[in-house]
Each structure stands twice: as structure tokens, then as C-alpha cells.
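> Here is the input, now give the coordinates:
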Amino acid sequence: MGAELVYKAKNVVLLANGERKTESVTYSLLGNITPEVPISYGQKYSKMGGNLIYVLDRIAAKELLNQKAQLKEKQIEIAEIT
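Sure, this is the predicted structure:
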């Protein structure tokens, strides 16, 4: 399924786990929109009213958890579920 079709949905859920996803997950939310990180286009999708939900394990989310101030500035909410 291509990104164009995905971003036509009202809600998109992204699942990611493990060390190899840490950088791309962090960049997708805090970096610039770029084709090198396709999920970064989720920033545009969210600004257009889409609801993008990331479901991450602690390893994939570790850099995001260290940058809570930047997430708050971008109005990105974190909910830790144990």
C-alpha cells in the first residue's frame, strides 16, 4: 500500500520496535519532511487533520523520550502504556 493511499485515511497507526527504528521514528517527528524518511510525511498528514498514532516499544522510542520538550513544542502527545 502506497503512502498516498495511507494518507487518505482519517487515522493511521504506525507500529515500530527495536533499535533499528529509533532514528527514523525520531526523525519522522522532529526532523524535516524528506523522502529519505517516508514516514516524515506524516507531519504534513497531521497538519491536514489526519490522526497519526505511533505505537512503539521503549527501544524504538528511546530518543523521543529524551526529547519531551521538543515534542511538547510541536504539540505531540506521549502516552506511556505499561
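> For the rest of this, base every contact and every neighbour count on C-alpha atoms.
Will do.
> Now do the helix or strand of the chain with the lowest mean pLDDT: which elements does it pack against?
Sorting the helices and strands of the chain by mean pLDDT, DSSP states H and E puts helix 3-6 at the bottom, at a mean of 72. Packed against helix 3-6, as judged by 3 or more Cα pairs under 8 Å, 6 or more residues apart in numbering; DSSP states H and E, are no other helices or strands.
> ok, Ser40 touching Tyr27?
Yes - taking Cα atoms under 8 Å as the definition, Ser40 is a contact partner of Tyr27 at 7.1 Å.
> which helices and strands sit right next to the helix or strand that contains Glu63?
Taking DSSP states H and E as the definition, Glu63 sits inside helix 58-65. Judged by 3+ Cα pairs under 8 Å, 6+ apart, the packing partners of helix 58-65 are helix 22-30.
> The helix it packs on to helix 58-65, inter-axis angle?
Counting by axes from the mean of the first three to the mean of the last three Cα atoms, to 10 degrees, helix 22-30 lies at 40 degrees to helix 58-65.
> Which helix or strand contains the closest residue to Leu14 other than its chain neighbours?
Computed as Cα to Cα, 6 or more residues apart in numbering, the closest residue to Leu14 that is not its neighbour in sequence is Tyr54, at 4.8 Å. Using DSSP H and E, Tyr54 maps to strand 51-56.
> Kindly format the C-alpha coordinates of that strand as PDB.
This file holds the C-alpha atoms of strand 51-56, laid out as PDB (Å, rounded to 0.1, in the frame of the first residue of the first chain):
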ATOM      1  CA  ASN A  51      -4.600  11.400  13.200                       C
ATOM      2  CA  LEU A  52      -1.200   9.600  13.200                       C
ATOM      3  CA  ILE A  53      -0.700   7.300  16.100                       C
ATOM      4  CA  TYR A  54       2.700   5.700  16.800                       C
ATOM      5  CA  VAL A  55       2.800   2.500  18.800                       C
ATOM      6  CA  LEU A  56       6.400   2.000  19.900                       C
END
